[in-house]
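[1] requesting a structural model of the entry that follows:
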Amino acid sequence: MRQLAIIGGGFMGAALAQGLVDAGWRRESLVIAEVREARRFFLMEELKVPCVRSAREAVADAPTVLFAVKPQDFASAMANVAPVFTREKLAISIAAGVKIAAIEAALDCAVIRCMPNTPAAIGAGATAIARGKYANDSHLMTAFNILSAVGKTIIVDESQMDAVTAVSGTGPAYVFYLAEALIDAAMAEGLSREQAYALTYQTFVGAAQLLQHDPAGPEELRKRVTSPNGTTHAAITHLQSRGWAETFKEAVHKARTRSEELGK
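    As a prediction, the model looks like this:
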């Protein structure tokens with residue numbers, strides 16, 4: 001029996017499907033509709049998750065429907081499946097900025113809004129979920145269990161979702177961008193491309209694991225590395241003189257503002 005229909009087979013839809021399968025979900029309990037051709041082979045042949053072309057077909061016998069479509073495509077996706085949607089179904093949305101009230105008005109059912117990120121594809125996602133007015137504790141736990149299968153999940157108020165989008169939803173791109181910059185800097189200082197990649201990748205992995213395992217927190221961990229007048233002190237002082245932290249805060253705020261705009 002199908003338990004979950006995923007509408008939208010782009011990167012995030014495929015990432016969630018892969019994460020759920022890796023977490024032990026039966027492939028036949030999933031169905032994905034509106035899969036992009038670039039991902040159809042992976043989903044059907046490699047992951048072996050059922051794919052259908054019709055969203056209505058996918059939704060018809062699935063008690064839970066997860067919308068993994070872009071915000072600008074969300075209204076048309078809801079309009080397409082509304083005729084076969086019933087009040088008994090649970091709608092889960094990962095569309096940035098799209099408000100719960102808009103989904104409730106279109107589908108007349110329980111709604112959970114969530115914001116995962118792309119590391120869900122390897123079971124290391126960070127997701128926040130918020131419930132709508134028709135969603136009960138059972139609905140909330142259903143969504144929590146689905147998203148927890150692909151990483152860490154927390155419950156927030158919907159008023160916090162735009163901030164979540166700017167922090168963890170967009171967050172992997174910040175990390176990747178910093179990795180790009182560190183690799184470029186390493187090569188500029190004379191390291192080969194292979195050396196720069198190897199050292200940068202392991203530095204990010206190690207630092208992230210240290211953050212998880214040491215309760216001291218990022219500020220204290222940074223101070224431990226920063227000896228007075230040492231090499232790290234020289235680098236951090238330069239970043240501080242250029243207002244790096246404030247610039248970063250402004251960038252996160254820009255992402256939040258854009259999330260709010262998408263919701264309108």
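[2] what residue of the chain is the furthest out?
    residue 229 (39.4 Å; Cα atoms, centre = their mean).
[3] and stretch 177-188, how far out from the chain's middle?
    Its chain's average C-alpha position is 24 Å from that of stretch 177-188, according to Cα atoms, centre = their mean, to the nearest Å.
[4] and it, which residues are buried?
    182-183, 186 (16 or more other Cβ atoms under 10 Å). For glycine as for every other residue, the C-beta is placed from the backbone atoms N, C-alpha and C.
[5] the residue farthest from the centre of the chain belongs to a helix, doesn't it?
    No: assigned with DSSP: H, G, I helix; E, B strand; the rest coil, residue 229 falls outside any helix and is coil.
[6] mind checking how far it is from residue 221?
    Distance check for residue 229 against residue 221: by Cβ to Cβ, to the nearest Å, it reads 20 Å.
[7] next: residue 94.
    32 Å.
[8] between these two, which one's more packed in?
    Neighbour count, other Cβ atoms under 10 Å: between residue 94 and residue 221, residue 94 has more, with 27 against 14.
[9] who's in contact with that one?
    Residue 94 is in contact with 12, 66-68, 114-116, counting by Cβ atoms under 8 Å, 6 or more residues apart in numbering.
[10] picking that back up, out of the buried residues of stretch 177-188, which is nearest to residue 253?
    Of all those, residue 182 has the smallest distance to residue 253: 24.0 Å, by Cβ to Cβ.
[11] tell me the contacts of the closest one?
    Contact analysis of residue 182 by Cβ under 8 Å, 6+ apart lists 196, 200, 203.
[12] take these and lay them out in TSV including distance to residue 53 and pLDDT.
    Formatted as TSV, those follow (distance: Cβ to Cβ, whole Å; pLDDT from 0 to 100):
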residue	distance to residue 53	pLDDT
196	44	98
200	42	98
203	44	98
